[in-house]
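Participant: return a 3D structure for these sequence lines:
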Amino acid sequence: MYLTYYSTKWLSTRTNSAMKSRYINIVDKIILGQNKFLAIAEICSKYYLLSITEKDITIIKELKDFQPIPDTKPENNPEFSNMLNKFLKR
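Facilitator: Below you'll find the model as predicted:
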């Protein structure tokens, strides 16, 4: 169980660091249908509204006055280590 936990944790950190970008960040996205999204992307400190489909990505508009709202909601996905500790205490 411990080996699985630590190998999964190590693999997720390696995957996350490979998927991060220095200049591009997806701030938010919403699914409109199968393989169709609207997304707000931060690219070099500017925000853009993007249309993402199976075939292409289009910049709809630059969002000049956009200010992201800080995420204040508690996280719905609890940490795996907390879940493991609760399980082991039983």
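
Participant: check which helix or strand covers the residue positioned nearest the centre of the chain.
Facilitator: Residue closest to the average C-alpha location in the chain (Cα atoms, centre = their mean): Ile26, at 7.1 Å. Taking DSSP states H and E as the definition, Ile26 sits inside strand 24-33.

Participant: with Asn85 instead?
Facilitator: Applying DSSP H and E as the criterion places Asn85 in helix 80-89.

Participant: repeat for Lys55
Facilitator: Counting by DSSP H and E, Lys55 is found in no helix or strand.

Participant: and what of the one 3 residues further on?
Facilitator: Assessed by DSSP H and E, Thr58 sits inside strand 57-63.

Participant: right, and Phe80 touches Thr8 too?
Facilitator: Yes - counting by Cβ atoms under 8 Å, Phe80 touches Thr8, with 7.4 Å between them. Using the backbone N, CA and C atoms, a C-beta is placed for each residue, glycine as well.

Participant: quick one: the residue nearest to Tyr23 when sequence neighbours are not counted and Lys86, what's the gap?
Facilitator: Leaving aside its sequence neighbours, Tyr23 sits nearest to Cys44 (Cβ to Cβ, 6 or more residues apart in numbering; 5.4 Å). Going from Cys44 to Lys86 by Cβ to Cβ, to the nearest Å gives 43 Å.
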